[in-house]
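[1] Output the structure for:
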Amino acid sequence: MKSAVVIAALSASLAVGFGQRIPDLGQYRQDLAANPNSSLAHFRIAEILSEQGNFQGAANEFREALSGDLQPRWTEAWAHIGLAKIYDATNQPDRASNEYRLAEKTGDSTEGVGNAPAALLSRTDPDYSDEARLAELEGTVVVTGNTSQDGRAMDLRVTRPLGLGLDEKAIEAVQRWRFTPDTNPIREAVDFSLSSKQSRWHLIGADFHPPVGTSRPTVLSAYYPSGAGVFTGAAIEQGRLLGAIGRQSFVALAFEVDESGVPIHIQVARSSDNVWNDQAMAVLRGWRFTPGMKEGTPVSVPCTFEFAWGPRILGSREVSRILSALDPRPAPGNQVWRPEFINTPDPIYPAEARTAGLEGTVTVAMIVGEDGTPRDIQVTQGLGPAVDASVAKALAQWRFAPPYLNGEAGSARLMIGVSFELPNHVDSRILEATPPFLAPRAR
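    As a prediction, the model looks like this:
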């Protein structure tokens, strides 16, 4: 539960947001005509009506926001806070207190977007990539960046990836959104969820770890059992219990996609309860992939998939809660480290390199220490002194959530690829991540 002090601060922040907005009812009415279920449009109209002193109209719009699509996720908490402010202003303290409690229960209150709701003025839903839709991947991509003077997003990068093409779709969506001008920085949660699920099993994370110079496997077919989707008595009883208390199960599987596209060497990296381990492995065995390729030859590629079992419509909020409960510190015995970015500035594309028409990829090996700071940065494949120095300088500023092994902070090795493409495009990505290791203890 958040304290009364925190809720009071949120209310004050909302009041600041009211004062910053330029009223534009016409624009939001147009948004509603295009999407009558838009919680954001109803929320913005409620703000404007509140500024005008039309508390009854504002209260109705806040309620419409709560009945809408609840996108972005913060609209739910802030609509309750908006109603609470109206009840405070109209001398209805009991009703105001109840709305504050409802805001607390959402567990959101703009956490996960990182900025006050005044920044986002209009949004459109993201598109699914074909591969992610085939795999039925669900979850949230976090995008950070800045805005221009006309409220357009710029300098966007993904700071919490989801994979299978959804990171790129999240960037495309945020580029269509509009913000309060010169809002710097912005941090937006872009949710991906499916309303047509027929199975209680959900893919909520997909990581591939191809060796250097190897393409990652792609999903060719996905298997999701119908009905309850469980096969043993213990899991059936556990499922009934979870359904009664509104919880979900979770299993992360480490495996390899072999040269023929079949998942092999499947192991449980971590799970919410061991009764689900065999169930999740049986689901994954039904999947098929196009294999990773290196120099035209199929090769085996390590992967990590995260599955959840729960209601057919799980929702991105529930997915985020499952993942936040498990990251960044994995359960004891976990040998798989999923790098969690905190800060990853891209290197500068040196002017002399661009003038010379220099393009390509710099490959860097480094250690992420127990405090999440890179060290022992070494360029293993370079593009020249100026580009290599720019890469090393930028990567030295990267920060991660600390790697953990058996509940203890350790270190991990990463291989990073930084691509340079004319006229001025720089893209950084992890090529390979090894399991964490602990430093030898002094005797």
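[2] show me where this structure has helices.
    In order along the chain, the chain carries the following helices (DSSP state H): 4-20, 25-34, 39-51, 55-66, 74-89, 93-105, 130-135, 166-176, 233-245, 277-285, 316-326, 351-355, 385-395.
[3] so can I have CSV of those helices showing mean pLDDT?
    Putting the helices of the chain into CSV (pLDDT from 0 to 100) gives the following:
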stretch, mean pLDDT
helix 4-20, 41
helix 25-34, 78
helix 39-51, 86
helix 55-66, 89
helix 74-89, 85
helix 93-105, 77
helix 130-135, 95
helix 166-176, 93
helix 233-245, 64
helix 277-285, 91
helix 316-326, 62
helix 351-355, 91
helix 385-395, 93
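[4] Next one: residue 58 from residue 139, what distance?
    Distance check for residue 58 against residue 139: by C-beta to C-beta, to the nearest Å, it reads 33 Å. Any C-beta I mention is one placed from the backbone N, CA and C, and that applies to glycine too.
[5] ok, these two, which is more surrounded?
    Of the pair residue 58 and residue 139, residue 139 is the one with more neighbours under other C-beta atoms under 10 Å, namely 27 against 22.
[6] Show the pLDDT at that one.
    The predicted local confidence for residue 139 comes out at a pLDDT of 87.
[7] could the helices of the chain go into a markdown table alongside distance to residue 192?
    Putting the helices of the chain into a markdown table (distance: least, C-beta to C-beta, whole Å) gives the following:
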| stretch | distance to residue 192 |
| --- | --- |
| helix 4-20 | 27 |
| helix 25-34 | 20 |
| helix 39-51 | 17 |
| helix 55-66 | 21 |
| helix 74-89 | 17 |
| helix 93-105 | 24 |
| helix 130-135 | 7 |
| helix 166-176 | 5 |
| helix 233-245 | 23 |
| helix 277-285 | 20 |
| helix 316-326 | 7 |
| helix 351-355 | 35 |
| helix 385-395 | 29 |
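[8] closest to residue 369 out of those helices?
    For residue 369, the closest of these is helix 385-395, at 13.4 Å, according to C-beta to C-beta.
[9] Can you give me the buried ones in the closest one?
    Within helix 385-395, the residues that count as buried by 16 or more other C-beta atoms under 10 Å are 386, 387, 388, 390, 391, 392, 394, 395.
[10] Return the closest of these with respect to residue 163.
    Minimum separation from residue 163 among those (C-beta to C-beta) is found for residue 395, which lies at 22.0 Å.
[11] right, and that closest one touches residue 363 too?
    No. Between residue 395 and residue 363 there is no contact, the gap being 11.4 Å when judged by C-beta atoms under 8 Å.
[12] Looking at the helices of the chain, spot the one closest to residue 416.
    In terms of C-beta to C-beta, the element of the helices of the chain nearest to residue 416 is helix 385-395, at 6.4 Å.
[13] Output that closest one as PDB, restricted to C-alpha atoms.
    Coordinates of each C-alpha in helix 385-395 appear next as PDB, following Å, rounded to 0.1, in the frame of the first residue of the first chain:
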ATOM      1  CA  PRO A 385      40.700   4.100 -33.800                       C
ATOM      2  CA  ALA A 386      38.100   6.900 -33.800                       C
ATOM      3  CA  VAL A 387      35.000   4.500 -34.000                       C
ATOM      4  CA  ASP A 388      36.500   2.000 -31.500                       C
ATOM      5  CA  ALA A 389      37.300   4.800 -29.000                       C
ATOM      6  CA  SER A 390      33.800   6.200 -29.300                       C
ATOM      7  CA  VAL A 391      32.300   2.700 -28.600                       C
ATOM      8  CA  ALA A 392      34.500   2.100 -25.600                       C
ATOM      9  CA  LYS A 393      33.700   5.500 -24.100                       C
ATOM     10  CA  ALA A 394      29.900   4.900 -24.500                       C
ATOM     11  CA  LEU A 395      29.900   1.400 -23.200                       C
END
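[14] who touches that helix?
    Helix 385-395 is touched from outside by 345-350, 352-353, 358, 362, 364, 366, 374, 377, 379, 382, 416, 418, 420, 428, with contacts defined as C-beta atoms under 8 Å, 6 or more residues apart in numbering.
[15] ok, 6 Å please
    Surrounding helix 385-395, the residues in contact under the criterion C-beta atoms under 6 Å, 6 or more residues apart in numbering are 345, 347-348, 350, 352-353, 362, 364, 374, 377, 379, 382, 418.
[16] Mind checking which of these are buried?
    Neighbour-count burial within the contacts of helix 385-395 applies to 347, 348, 350, 353, 362, 364, 374, 377, 379, 382, 418; the criterion is 16+ other C-beta under 10 Å.
[17] For the second one, list the residues it contacts.
    The contact partners of residue 348, taken as C-beta under 6 Å, 6+ apart, are residue 390.
[18] what does stretch 354-369 contact?
    In this structure, residues lying in contact with stretch 354-369 by C-beta under 6 Å, 6+ apart are 374-383, 391, 395, 400, 403, 411-422.
[19] And it, what's buried?
    358, 361, 362, 363, 364, 365, 366, 367, 368, 369.
[20] Not counting its neighbours along the chain, what's nearest the residue most central in space within the chain?
    Ranked by distance to the mean C-alpha position of the chain (C-alpha atoms, centre = their mean), the top residue is residue 141 at 3.0 Å. When the adjacent residues along the chain are set aside, residue 141 lies closest to residue 170, with 3.8 Å between them (C-beta to C-beta, 6 or more residues apart in numbering).
[21] ok, that neighbour touching residue 142?
    No. Shown here, residue 170 and residue 142 do not form a contact pair, counting by C-beta atoms under 6 Å, at 8.3 Å.
[22] higher neighbour count, the two?
    residue 170 (26 against 21).
[23] need the contact list for that one.
    126, 141, 143, 190.
[24] just checking, which of those residues belong to strands?
    Using DSSP state E, the members of the contacts of residue 170 that fall in strands are 141, 143, 190.
[25] I'd like the residues you listed as a markdown table, with distance to residue 433 appended.
    Supplementary listing: the ones in strands among the contacts of residue 170 in a markdown table, determined by distance: C-beta to C-beta, whole Å:
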| residue | distance to residue 433 |
| --- | --- |
| 141 | 19 |
| 143 | 22 |
| 190 | 24 |
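[26] Just the closest of those residues to residue 288, please.
    Of all the ones in strands among the contacts of residue 170, the one sitting nearest residue 288 is residue 141; the distance, using C-beta to C-beta, is 25.5 Å.
[27] From residue 267, how far off is the nearest residue to residue 263 once chain neighbours are set aside?
    The shortest distance from residue 263 to any residue other than its chain neighbours is 4.8 Å, reached at residue 255 (C-beta to C-beta, 6+ apart). Taking C-beta to C-beta as the criterion, residue 255 is separated from residue 267 by 7 Å.
[28] With residue 287 instead?
    According to C-beta to C-beta, residue 287 and residue 267 sit 15 Å apart.
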